[in-house]
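In: Have a look; sequence and predicted model below, questions after that.
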Amino acid sequence: MPTVLESMLMSGFMRQAALAGLLASLACGIMGAYVVIRRISFIAGGISHAVLAGMGCAVFFHGSPLWGAAISAVLVALVIGWLHQRTRESEDTLIASVWTVGMAVGVLFIYKTPGYAADLFSYIFGNILLVSGADLKAMAAFDVFILVSVFAFYRRFMAVCYDEEFARIQGVSTRAVYMFLLCLVALTVVLLVQVVGVILAMALLTIPAAIASRWTTSLSGMMALATVLGALFTLLGLAIAYPLDLPAGATVVLIAGAFYIFFALGRLSQR
Amino acid sequence: MIEIEHLGFSYGDQPVLEDVCIRVEPGDFVGLIGPNGGGKTTLLKLILGLLQPREGRIRVFGVAPTPGSTRVGWVPQHHETPEHFPVSAQEVVMMGLLGCGRRFGPFGRGERGQARAILERLGIGELAGRRMDGLSGGQRQRVLIGRALVSRPELLLLDEPTANVDPKAEGEILDLLKDLGREVTILMVSHDLGFVSAHVNRVACVNVHLACHTTAGLTGEVIENTYRRKLDLVIHDHGASPH
């Protein structure tokens, strides 16, 4: 393995890919902790797929797909958050609707935009091997933004995730805090979808945090462990994909899934 | 401390509370009893400012209640720690400090110390670093009492704090509340008539209407009347259903 790693890191694009994976792992480790404890992975899934509408719309009108995705993600997050507070019962149906309608709108726009259809594949699986220097800078900047936001709102996010009613009694504007949290999750998803594709984004957001939740006694510990696990899965996935010439996004997801099943089975056998 | 005059509240067309009047003075230990659905929890939520009265008025410490008062502590009936949520008992207690001190950033050393002191006082200092979902029902309920007390409230509201714990833990928690009652004013929903009549100095029977008694006035007849009104309502409903 060391020789594979060495030759990997010798090649420029693999180094870029590894760096992108590490930056993605940090964003996912932190926001994934909230996604797992607040049980909003379905919302994150809905947002990540509904952004196709914004991306499609943006390319149709010759805009930037990244901005299209970012704007649509925040809109979807606000709509879902608003619906969550109004109609609690049918939340999952609403998310499924937003999820599928968003994708359908995106597909229509992409169909009507000549020459863009090929990029649909990169939306799904990403192109971590083709990450540009500008992408890396954007990811690093976003990681800093997440770190600052989560540091500032640490106690509020935790209280709203733990016991929303109790937080409200203490005068926390729980709706606004929850909306802000959803928007941060949405932006994390958008940035990751651009770089690593929707499947890897969802996997990195949920699997490391789910494993980490069992092994820590604090939220910050969960974030740190999830980040380390995410980085481990990404590097292992790249190390396997590189010599065998496999799509890196898929191998990373499979590594993460294998770890998850291993830990889940380990827990089952303990009972 | 609490003044409620002619309070009325309803969910839609269904009246939950009607013409409720009660005064709670500093040092009181008031037990709220009544049948399920009789409006006990709704009354507490009105006092907390989570709900707004439809009629009448509520004053807590002389003002209309709004969320965010550090003078009121709240212990919910039952709070299940969400699965997959790694949080220690100490951190849960610190979440009772959101209304005071710094608003942003992680919790600091001073707040950890306050939480630790409360846990020690409740006799569960050794649990501070343990994960919430690994504690027993009684231990968890004590931690939630600690979360309500850490902001040093003058008024403590509890909604059936022993509804989901085993009898031994229930006895311990009730003893604890008896001690606490010497320092803070307590308004507690309870289903335990034995405890209520032994340790509480006033009893409020809530079933849409509210009747307040001193503990000595709590006779079998009073209790029966409180619970029976609900029964009448049910019979009435049955009578109406053939239409």
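Out: Right, received. Where do you want to start?
In: Phi first, then psi, for whatever residue of chain B ends up closest to chain A.
Out: The nearest approach of chain B to chain A comes at B:G68, 2.3 Å away (C-beta to the nearest C-beta). Using the backbone N, CA and C atoms, a C-beta is placed for each residue, glycine as well. With angles defined as degrees, to the nearest 10, B:G68 sits at phi 110, psi 0.
In: correct me, but it touches A:G171?
Out: Yes - look at B:G68 against A:G171 with C-beta atoms under 8 Å: they come within range, at 2.3 Å.
In: And for the helix or strand that contains B:E5, what's in contact with it?
Out: According to DSSP states H and E, B:E5 maps onto strand B:2-11. Here strand B:2-11 makes contact (C-beta atoms under 8 Å, 6 or more residues apart in numbering or on different chains) with B:15-24, B:39, B:42-43, B:46-47, B:51, B:53-60, B:155, B:187.
In: Within reach of chain A, which of those are there?
Out: Residues of those in contact with chain A (C-beta under 8 Å from any C-beta of the partner chain): none.
In: any low-confidence regions in chain B?
Out: Chain B contains residues with pLDDT under 70 at B:196-197, B:213-243.
In: now the strands: where do they sit in it?
Out: B:2-11, B:14-24, B:29-33, B:55-60, B:72-75, B:155-159, B:185-189, B:202-207, B:209-214 (DSSP state E).
In: How about the stretch 1-150 of chain A?
Out: For the stretch 1-150 of chain A, no strands turn up when DSSP state E, counting those that start in this stretch is the criterion.
In: Can you pull the residues of it lying near chain B?
Out: A:V36, A:I37, A:R38, A:R39.
In: Common neighbours of B:G68 and A:G171, please.
Out: B:G99.
In: which residues touch stretch B:74-84?
Out: Against stretch B:74-84 from outside (C-beta under 8 Å, 6+ apart): A:36-39, A:161-163, A:165-166, A:169, A:210, A:213-214, B:41, B:44, B:48, B:87, B:132-133, B:140-141, B:144-145, B:147-148, B:156-161, B:163-164, B:189.
In: And that stretch, what's buried?
Out: B:W74, B:V75, B:P76, B:Q77, B:H79, B:T81, B:P82, B:H84 (16 or more other C-beta atoms under 10 Å in any protein chain shown).
In: Pretty sure A:I37 sits against A:L219.
Out: Yes - using C-beta under 8 Å, A:I37 makes contact with A:L219 at a distance of 7.2 Å.
In: check contacts around the spatially closest residue to B:R140 that is not a sequence neighbour.
Out: Setting aside the residues directly before and after it, B:R140 is nearest to B:M132 in space (C-beta to C-beta, 6 or more residues apart in numbering or on different chains), at 6.4 Å. Counting by C-beta under 8 Å, 6+ apart, B:M132 makes contact with B:T81, B:F85, B:V87, B:S88, B:A89, B:V92, B:R140, B:V143.
In: Quick check: chain neighbours aside, which residue is closest to residue 60?
Out: This is for chain A. In space, A:F60 is closest to A:F109, 4.4 Å off (C-beta to C-beta, 6+ apart).
In: You answered for a different chain; I wanted chain B.
Out: Here the residue nearest B:V60, using C-beta to C-beta, 6+ apart, is B:I2, at 5.4 Å.
In: so that neighbour bridges to which residues?
Out: On the basis of DSSP bridges, B:I2 is bridged to B:V24, B:V60.
In: Give the burial count for A:L254, as a bare number.
Out: By the measure other C-beta atoms under 10 Å in any protein chain shown, the count of residues near A:L254 is 17.
In: what number of residues lie near A:A134?
Out: Close neighbours of A:A134, defined as other C-beta under 10 Å, add up to 8.
In: again with A:D92
Out: Residues lying near A:D92 (other C-beta under 10 Å) number 11.
In: What does the pLDDT read for it?
Out: Looking at A:D92, its pLDDT is 79.
In: ok, and the closest non-adjacent residue to it?
Out: With sequence-adjacent residues excluded and distances taken as C-beta to C-beta, 6+ apart, A:D92 is closest to A:F42, at 6.4 Å.
In: And B:L158, how far from B:G39?
Out: Between B:L158 and B:G39 the distance is 16 Å, computed by C-beta to C-beta, to the nearest Å.
In: how about the helices in chain B?
Out: With DSSP state H, the ranges of helices along chain B come out as B:40-48, B:89-94, B:109-121, B:137-149, B:167-180, B:193-199, B:220-240.
In: Which stretches in the stretch 101-250 of chain A count as helices?
Out: Secondary structure of the stretch 101-250 of chain A by DSSP state H, counting those that start in this stretch: the helices cover A:119-125, A:133-152, A:154-162, A:164-169, A:174-212, A:219-244, A:248-270.
In: Please point out which parts of the second one sit buried.
Out: Put plainly, it is helix A:133-152. Neighbour counts over helix A:133-152 (16+ other C-beta under 10 Å) mark A:D135, A:L136, A:A138, A:M139, A:F142, A:D143, A:I146, A:S149, A:V150 as buried.
In: In chain A, what residue lies closest to chain B?
Out: Closest point on chain A to chain B, by C-beta to the nearest C-beta, is A:G171, at 2.3 Å.
In: Next up, the contacts around that residue.
Out: B:T66, B:P67, B:G68, B:S69, B:L98, B:G99.
In: What's the local residue count around the nearest residue to B:R71 once chain neighbours are set aside?
Out: Of all residues not flanking B:R71 in the chain, B:E154 sits nearest, at 5.0 Å (C-beta to C-beta, 6+ apart). When neighbours are counted by other C-beta under 10 Å, B:E154 registers 15.
In: what does A:L130 give?
Out: 13.
In: That one reaches A:F13, doesn't it?
Out: Yes - the criterion here is C-beta under 8 Å, and A:L130 meets it with A:F13 at 7.3 Å.
In: which ones are touching the residue positioned nearest the centre of chain B?
Out: Residue closest to the average C-alpha location in chain B (C-alpha atoms, centre = their mean): B:L158, at 1.7 Å. If you count contacts by C-beta under 8 Å, 6+ apart, B:L158 has them with B:W74, B:V75, B:I145, B:A148, B:L177, B:I186, B:L187, B:M188, B:V189.
In: And the fifth one, how far from B:G138?
Out: As defined by C-beta to C-beta, B:L177 lies at a distance of 13 Å from B:G138.
In: likewise the fourth one?
Out: According to C-beta to C-beta, B:A148 and B:G138 sit 16 Å apart.
In: Give me the more crowded residue out of those two.
Out: Set B:A148 next to B:G138 and count neighbours by other C-beta under 10 Å: B:A148 wins out with 23 against 20.
In: before we move on, the earlier item: buried ones among the contacts of A:G171?
Out: Neighbour counting with 16+ other C-beta under 10 Å marks B:P67, B:G68, B:S69, B:L98, B:G99 as buried within the contacts of A:G171.
In: Out of these, which comes closest to A:I255?
Out: Of all the buried ones among the contacts of A:G171, A:I255 sits closest to B:L98, with 39.3 Å by C-beta to C-beta.
In: Let me know whether the closest one touches A:A167 as I believe.
Out: Yes - B:L98 lies in contact with A:A167 (C-beta under 8 Å); the separation is 6.4 Å.
In: Need the overlap of contacts for the two.
Out: With C-beta under 8 Å, 6+ apart, B:L98 and A:A167 have common neighbours A:R156, A:A159.
In: Spit out the contact partners of the residue nearest to B:R71.
Out: By C-beta under 8 Å, 6+ apart, the residues touching B:E154 are B:M1, B:P26, B:F61, B:R71, B:V72, B:V184, B:T185.
In: quick one, phi psi at it?
Out: Phi and psi for B:E154, reported as degrees, to the nearest 10, are phi -90, psi -20.
In: OK, contacts around A:A224?
Out: A:A224 touches A:G29, A:T216, counting by C-beta under 8 Å, 6+ apart.
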